[in-house]
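K.L.:
Turn this into a structure:
(2 chains)
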Number of protein chains: 2
Amino acid sequence: MAEINAIAQQFVQFYYSTFDSDRSNLSSLYRPGSMLTWEGTPIQSGTLIIEKLTSLPFSKVQHKVETLDAQPSSPTTPSIIVAVTGLLQVDDSPNPLQFSQTFHLIPDGGSYYVQNDVFRLNYGA
Amino acid sequence: MAEINAIAQQFVQFYYSTFDSDRSNLSSLYRPGSMLTWEGTPIQSGTLIIEKLTSLPFSKVQHKVETLDAQPSSPTTPSIIVAVTGLLQVDDSPNPLQFSQTFHLIPDGGSYYVQNDVFRLNYGA
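P.N.:
This is a model prediction of the structure:
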């Protein structure tokens, strides 16, 4: 578990710092079979996922991770489920938005790619 | 995708209605290898998971699902990742709490069990 938590932490740090600086650089994390569900819209393939992420209508964005949980997703493969909640600050909006994101990471060589990615803003009660 | 969404919806409806009426009845959904991370605390095995859920310090509880997203978690196995956000009303507290929950469902015979379960309350900004 210690190793899985370390991998998840490293991934999450890389993911959001890359997202917040230049999200086109996330393309190395996705594969042709990767899936993103963005606010309920399903998108398949790394190319279309990056197209979606880079076309989001904000220029400045900052994620602040509040909780991060990781679990092995399979007894036989060293794949990992990562669940994140946090705050998202967009452009010059004063109020951060609460978000939830779930990743499913699959090992590939010495690294991991994102097989599954689900993103939701939480608007609350 | 239509079938996966239907399975996820059916699962989520069963899960929360069972949780809210008698959560000891969730035991059929977990296996010895199942994992729950409850508010950051990792718990392994169906027996310990049910022990945790039934020992939670509230008697009345009601989940209201706000968003539900499902994806196949593997190109080779018909396993499913289900990401839920919603509101949780506990006992006679007037204010519902926002929660996020991620499930990883594995097929077994004609049914599914929960391999992974991550639960978090979102306290927001």
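K.L.:
buried set for the top helix by length along chain A?
P.N.:
Ranked by number of residues, the top helix in chain A under DSSP state H is helix A:2-22. Neighbour-count burial for helix A:2-22 flags A:4-5, A:7-8, A:11-12, A:15-16, A:18-19 (criterion: 16 or more other Cβ atoms under 10 Å in any protein chain shown). From N, CA and C alone the C-beta is placed, and that goes for glycine too.
K.L.:
contacts for that helix?
P.N.:
With Cβ atoms under 8 Å, 6 or more residues apart in numbering or on different chains as the test, helix A:2-22 has contacts from A:25-26, A:29, A:53, A:61-63, A:65, A:68, A:70-72, A:80, A:82, A:84, A:103, A:105, A:112.
K.L.:
Okay, and which of those residues map to strands?
P.N.:
A:61-63, A:65, A:68, A:70-72, A:80, A:82, A:84, A:103, A:105, A:112 (DSSP state E).
K.L.:
Same list, these, but only the ones touching chain B.
P.N.:
When these are checked against chain B using Cβ under 8 Å from any Cβ of the partner chain, the ones in range are A:71-72.
K.L.:
So which of the ones in strands among the contacts of helix A:2-22 is the closest to chain B?
P.N.:
A:Q71 (4.8 Å; Cβ to the nearest Cβ).
K.L.:
check contacts around A:D91.
P.N.:
Taking Cβ under 8 Å, 6+ apart as the definition, contacts of A:D91 comprise A:58-61.
K.L.:
Where does the prediction get shaky in chain A?
P.N.:
Along chain A, segments meeting pLDDT under 70 span A:124-125.
K.L.:
Around chain B, which positions in it sit nearby?
P.N.:
Counting by Cβ under 8 Å from any Cβ, chain A sits next to chain B at A:1, A:33, A:35, A:37, A:40, A:42, A:66-67, A:69, A:71-75, A:81, A:83, A:85, A:87, A:95-96, A:98, A:100, A:102, A:104, A:115-116, A:118, A:120, A:122-125.
K.L.:
Just the buried ones from those, in ChimeraX syntax?
P.N.:
In ChimeraX syntax, the buried subset of those is picked out as below (16+ other Cβ under 10 Å):
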select /A:35,37,66,67,69,71,72,73,74,81,83,85,87,96,98,100,102,104,115,116,118,120,122
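K.L.:
Who are the contact partners of A:P57?
P.N.:
Here A:P57 is in contact with no residue (Cβ under 8 Å, 6+ apart).
K.L.:
Could you verify that it is part of a helix?
P.N.:
No: under DSSP: H, G, I helix; E, B strand; the rest coil, A:P57 sits outside any helix and is assigned coil.
K.L.:
Now it: phi and psi?
P.N.:
phi -80, psi 60 (degrees, to the nearest 10).
K.L.:
ok, now how distant is it from A:K64?
P.N.:
A:P57 sits 20 Å away from A:K64, taking Cβ to Cβ, to the nearest Å as the criterion.
K.L.:
ditto for A:N25
P.N.:
Taken as Cβ to Cβ, the span from A:N25 to A:K64 is 20 Å.
K.L.:
A:V61 touches A:V90, doesn't it?
P.N.:
Yes: applying Cβ atoms under 8 Å as the test, A:V61 and A:V90 come out as touching, 5.5 Å apart.
K.L.:
thinking A:M1 is in contact with B:I43, fair?
P.N.:
No: counting by Cβ under 8 Å, A:M1 stays clear of B:I43, with 11.7 Å between them.
K.L.:
which one among the contacts of A:D91 gets closest to chain B?
P.N.:
When those are compared against chain B (criterion: Cβ to the nearest Cβ), the nearest one is A:V61, at 15.9 Å.
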